[in-house]
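Novice: When you get a sec, could you give me coordinates for this:
(2 chains)
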Amino acid sequence: MIIDDEPQIRKLLEINLESNGYKVLQASSGHEGILMAANHPPELILLDIGLPDKSGQDVLKELRTWYNKAIIMLSVQSGESDIITALDNGATDYLTKPFRTGELLARVRSCMRRNNSDESKSVSHFGNLQIDFVARTVKKDNVLVKLTSTEFNLLSLFAKNEGRVLTHQYILKEIWGVGYQTETQYLRVFVAQLRKKVEVNPNQPERLVTESGVGYRFS
Amino acid sequence: MLLSSLIVFAVAIGCFISVSIIGYKVVALLLLVTVSVLAMLLDILPVLLAAVLSALIWNFFFIPPIYTFHIDNTADLLMFLMYFVIALVNAVLTFKIREAENKVRDKEEKENAIKLYNTLLNSLSHELRTPIATIIGSVDTLKEHQTQLSKENQQTLLNEIDLAATRLNRQVENLLNMSRLETGMLRLNADWCDVNELIYNAIQKIELNTIRQTIAFIPSQTLPLFKLDAALMEEVVHTLLHNAVQYTSEQTVIAITASYEHEYCLIEIADNGNGFPESEIAFAFDKFYRLPYSKAGGTGLGLSIAKGFVEAHHGTIVLKNRNTGGAVFTIRIPAETSFINHLKYE
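Specialist: I've put the predicted structure just below:
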């Protein structure tokens, strides 16, 4: 479902998504979007941050009181603070306009996968990585990788949120708990250590990707 | 107000102590000088206050009989009245002169603004209209002559639209950044940042398969974390890389290095191209400045924005030609550093 007030953007998204086999619902205002989502709960919502009747952030918060599938925020280039707020309000991902349609489809696919993924699975594969959440072990190219307890917690947090951008604040709260939210330097060091262990080339990360000024994405 | 009274009092006390040596008439001159100096520094009201106050002080404490406002002889009375008039005239005249100066400055500023606005308009209308013209033209051709166009030509037109839109997007981004800087809306969002990673991200934004130069970057393993605004600095590095790619010939090697120098983060972007014309280096960071005869596609905003972002960090950016040929940009940013390499928070 698309919630955006710009008809051209809706048209563009509609053509792209429909030609890739998705069924598309459209709303042009926040109010209409919330009603429509309640009547026909979609698999995924593309939500514009700047809507005419109420802010996309408010729509997001309202939707999140009952809707737990993927919500991708669409924003114009305006700085990172809007994006961080949206992610902290429960957005699954974000795209900045203008975006390439290839990027859009990749994000949509990854969100759909997460919708359908089985959270209780004990072993997951990510390319050459294999993570066993129960035994707390990680294999790279079938070779056991030695991780400290914090490194493993960090990696499994990323892995359980595959394809999703996690903000620095969120990661710090999840791994180190309340009170460590400003200690981003620890996070940097741990991410660097983790990259050395799980990336093919730690200087050119492909799994643990930085989203400048926002956070990290695991893919 | 308070300041001017305090200064008058201070001078008066000084005079009171030394009045036996200098005589009370010289005191009048000293006080007059004080009022004149104040007139150059302060606003009209405090200066008028100082003038009145000093006249009264002189009368009360210095003109015999002292400790009364009474004046005995005619000469002193005349001097007192003259003192009063001169002090007031002094204050008013200085104020008027300053007002006139402000007017001239305002006028100059306005003229400069108009000049800048015209340059902006010329540069903008060209830089924005060219890609728009390309897009409209290509779309028209594709719509109206679709059947006559070869597959190859259709593809060419689509690529042109793609390029023009990307260019348009970059210009708009530049303008937004410029206005963020100009209006002082820029807020530094400094956080611990891995500069190697920042440079790597900036390189990723250059479409490496479309360029004919080589970008060389070897991450430093000993680099500490710095407290910077990563998004802004990534933009700066990207701008410098983008420029290097635009203005150097193929086969050029663009080398980036990051290093640490007590409490400073240093980033250097050097190329082995033809260098920057010495006479033009001084203007390189000016708004709307472009090298004479440079090719189309640029508003001359990139470097001035980069400079603005670096200066928002209280840092400096310097352009020089290397002795071995080619240009080098050096960015120096004062930043908190962290050498934490081993962690106890397990």
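
Novice: ok, now how distant is the residue in the stretch 101-250 of chain B positioned nearest to chain A from residue A:72?
Specialist: Taking C-beta to the nearest C-beta, chain A has its nearest neighbour within the stretch 101-250 of chain B at residue B:231, 3.5 Å off. (C-beta placed from N, C-alpha, C; glycine too.) When distance is defined by C-beta to C-beta, to the nearest Å, residue B:231 is 21 Å away from residue A:72.

Novice: So which bits of the stretch 101-250 of chain B are right by chain A?
Specialist: For the stretch 101-250 of chain B, the residues in contact with chain A (C-beta under 8 Å from any C-beta of the partner chain) are B:165, B:169, B:173, B:176, B:189, B:191-194, B:196-198, B:200-201, B:219, B:225, B:229-231, B:234.

Novice: same thing but 7 Å
Specialist: B:169, B:173, B:189, B:191-192, B:194, B:196-197, B:200-201, B:219, B:225, B:230-231, B:234 (C-beta under 7 Å from any C-beta of the partner chain).

Novice: where in chain A is pLDDT low?
Specialist: Residues of chain A meeting the criterion pLDDT under 70: A:77-79, A:118-120.

Novice: Now do the strands in it.
Specialist: Under the criterion DSSP state E, strands of chain A are mapped to A:2-3, A:26-27, A:44-48, A:70-76, A:93-97, A:123-126, A:129-132, A:137-140, A:143-145, A:165-167, A:208-211, A:215-218.

Novice: which SSE is the residue nearest to residue B:287 when sequence neighbours are not counted in?
Specialist: When the adjacent residues along the chain are set aside, residue B:287 lies closest to residue B:304, with 4.6 Å between them (C-beta to C-beta, 6 or more residues apart in numbering or on different chains). Of the helices and strands defined by DSSP states H and E, residue B:304 is found in helix B:302-312.

Novice: And that helix, what does it pack against?
Specialist: The contact analysis (3 or more C-beta pairs under 7 Å, 6 or more residues apart in numbering or on different chains; DSSP states H and E) places helix B:302-312 against helix B:151-182, helix B:230-247, strand B:316-321.

Novice: Please repeat the previous calculation with a cut-off of 6 Å.
Specialist: The contact analysis (3 or more C-beta pairs under 6 Å, 6 or more residues apart in numbering or on different chains; DSSP states H and E) places helix B:302-312 against helix B:151-182, helix B:230-247.

Novice: Output these as a markdown table; include the columns mean neighbour count.
Specialist: Converted to a markdown table, the helices and strands packed on helix B:302-312 look like this (neighbours: other C-beta atoms under 10 Å in any protein chain shown):
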| stretch | mean neighbour count |
| --- | --- |
| helix B:151-182 | 15 |
| helix B:230-247 | 22 |
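
Novice: Mind telling me which of these the model trusts least?
Specialist: Mean pLDDT across the helices and strands packed on helix B:302-312 is lowest at helix B:151-182; the value there is a mean of 86.

Novice: List the contacts of the helix or strand just after that one.
Specialist: Where DSSP H and E defines the elements, the next helix or strand beyond helix B:151-182 is strand B:191-193. Applying C-beta atoms under 6 Å, 6 or more residues apart in numbering or on different chains, the contact partners of strand B:191-193 are A:184, A:185, A:188, B:225, B:226, B:227, B:228, B:230.
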